[in-house]
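Visitor: Next input, structure requested:
(chains A, B, C and D)
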There are 2 protein chains.
Amino acid sequence: MEFTEAKQKFIQSWGALGSQWGINKTMAQIHAFLMISPESVSMEEIMDELKISRGNASMNLRALIDWGIVYKDYKQGERREFFYSEKDLDELAVKIAKERTKREIKPALKILKEVSAISAEKTQKEIHFKEQTCKLYKFVSKADNALEKITEYNDNWLGKLLKKLFR
Amino acid sequence: MEFTEAKQKFIQSWGALGSQWGINKTMAQIHAFLMISPESVSMEEIMDELKISRGNASMNLRALIDWGIVYKDYKQGERREFFYSEKDLDELAVKIAKERTKREIKPALKILKEVSAISAEKTQKEIHFKEQTCKLYKFVSKADNALEKITEYNDNWLGKLLKKLFR
DNA sequence: TTGAATTTTCAAAAATAATTGAAAGTTTAA
DNA sequence: TTAAACTTTCAATTATTTTTGAAAATTCAA
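Guide: Predicted coordinates:
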């Protein structure tokens, strides 16, 4: 395979993968493009490369910045903004994990805490509901703790995790 | 909060959560409903509870069965099929992890292996592309291994993981 | 200040995904 | 067999999400 083809394939596949993960395709593609760009790139260049509109580029770049995985770069004597991505994969994964925790796990815990608090006196259905939601609450809390602990390692967390797992 | 309200809230929230995860809302809601049902339930009952069509119920139940987290139950003297969910959370998480690995991580690894194999001789761009995709390949492989190791524990993997993390 | 360069916003359009419902298919009791 | 009970399929519809593009906003050099 030759460079241009490989680049296309990488960007397209990353976009498709993103969709499966509930991340919009363009956002994932922009991220993929920035990941393989050695220099920071202008919005214009992103629009050209991915054949997307200015509005689309602007909105998805902002989303990536909100996630904390893309940064703005101001170049000497250039009015335009340039963008570059977090390239350290440990750091990238930690940021994504933290953001997803904030957006998904914490709200889920809140709901589970609320609904599992009902007083289940009467029916089998009520008792089972309380049981299951309590279990879920405990399970998700544990998972949340585990994630927090892992991302605390910060430097080379995946390597450290593997070591722990294999001994 | 009272039972019916809590039940609604749980099912609705689980559905919304599912959407964020690239899982269709109805599929997540059916799963939520089955999780809190002490007995296996008929398609009819699911349609009633969630106010969805027969086709929708049928298709999403099949998807849940394909994921290996919902089972069919054949009751003595009943022609209809009944459904129940995997209620053991360790088991549930392992099945989801394995399925997502198969559907997402493995294909990603395949792509990364392919595109990182280009011979990057000339430009800075090519060299950086190869570097980044190789790093990604290694990283995702490691993560895949870690997941596999963890899910191998099978019984109480989350508890075991936490112990390892905290010592 | 002004105005050209650049980015952001957002209503409308386009694309994608989910849902319905009725017809076709399957199963089983009689 | 038959036919009633039940499930699946899928084309058409509906809902949701994404994308566009032009107007509004912002920034900054002159």
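
Visitor: Let me see the contact set for the spatially most central residue of chain A.
Guide: By C-alpha atoms, centre = their mean, chain A has its centre lying nearest to A:Ile96, at 3.4 Å. The contact partners of A:Ile96, taken as C-beta atoms under 8 Å, 6 or more residues apart in numbering or on different chains, are A:Trp67, A:Ile69. All C-beta atoms are positioned from the backbone trio N, CA, C, and that covers glycine.

Visitor: and the helix or strand harbouring it, what's its mean pLDDT?
Guide: A:Ile96 belongs to helix A:89-100 when assigned by DSSP states H and E. In this model, helix A:89-100 carries a mean pLDDT of 94.

Visitor: try stretch A:113-128
Guide: 93.

Visitor: contacts for it?
Guide: A:129-131, A:133-134, A:136-137, B:1-3, B:6-7, B:9-10, B:36-38.

Visitor: Off-centre distance for it?
Guide: Computed by C-alpha atoms, centre = their mean, to the nearest Å, the chain-centroid distance of stretch A:113-128 equals 34 Å.

Visitor: for it, which positions count as buried?
Guide: Residues A:Glu114, A:Val115, A:Ser116, A:Ile118, A:Ala120, A:Glu126, A:His128 are the ones in stretch A:113-128 that count as buried (16 or more other C-beta atoms under 10 Å in any protein chain shown).

Visitor: now the end-to-end length of it.
Guide: Length of stretch A:113-128, first residue to last, C-alpha to C-alpha, to the nearest Å: 15 Å.

Visitor: Show me the domain layout of chain A.
Guide: A:3-85, A:89-166 (automatic domain parsing).

Visitor: Does the last one reach DNA strand D?
Guide: No. Judged by C-beta under 7 Å from any atom of the strand, domain A:89-166 makes no contact with DNA strand D; its nearest approach is 14.2 Å.

Visitor: ok, A:Leu136 touching B:Leu92?
Guide: No. When contacts are counted by C-beta atoms under 8 Å, A:Leu136 is not listed as touching B:Leu92 (9.7 Å).

Visitor: Neighbour count for those two, which is higher?
Guide: More neighbours surround A:Leu136 than the other of A:Leu136 and B:Leu92, with 23 against 19 (other C-beta atoms under 10 Å in any protein chain shown).

Visitor: which non-adjacent residue is nearest the more buried one?
Guide: Nearest residue to A:Leu136, sequence neighbours excluded (C-beta to C-beta, 6 or more residues apart in numbering or on different chains): A:Leu112, at 5.5 Å.

Visitor: Tell me, how many residues neighbour the one you found?
Guide: A:Leu112: 23 neighbours (other C-beta under 10 Å).

Visitor: Tell me how far the residue of chain A found nearest DNA strand D lies from chain B.
Guide: Of all residues in chain A, A:Gly55 sits closest to DNA strand D, at 1.9 Å by C-beta to the nearest atom of the strand. According to C-beta to the nearest C-beta, to the nearest Å, A:Gly55 and chain B sit 23 Å apart.

Visitor: same deal with A:Tyr84?
Guide: Distance from A:Tyr84 to chain B, by C-beta to the nearest C-beta: 12 Å.

Visitor: Which of the three states applies to that residue?
Guide: strand (DSSP: H, G, I helix; E, B strand; the rest coil).

Visitor: got the angle for the helix ranked longest in chain A vs helix B:124-152?
Guide: For chain A, the helix that runs over the most residues, judged by DSSP state H, is helix A:124-152. Per axes from the mean of the first three to the mean of the last three C-alpha atoms, to 10 degrees, the angle that helix A:124-152 makes with helix B:124-152 is 140 degrees.

Visitor: From what I see, A:Met43 and A:Ser58 are in contact.
Guide: Yes. Counting by C-beta under 8 Å, A:Ser58 is a contact partner of A:Met43 at 6.8 Å.

Visitor: tell me the helices in chain A, going along the chain?
Guide: A:3-20, A:25-35, A:43-50, A:54-66, A:89-100, A:106-115, A:124-152, A:157-166.
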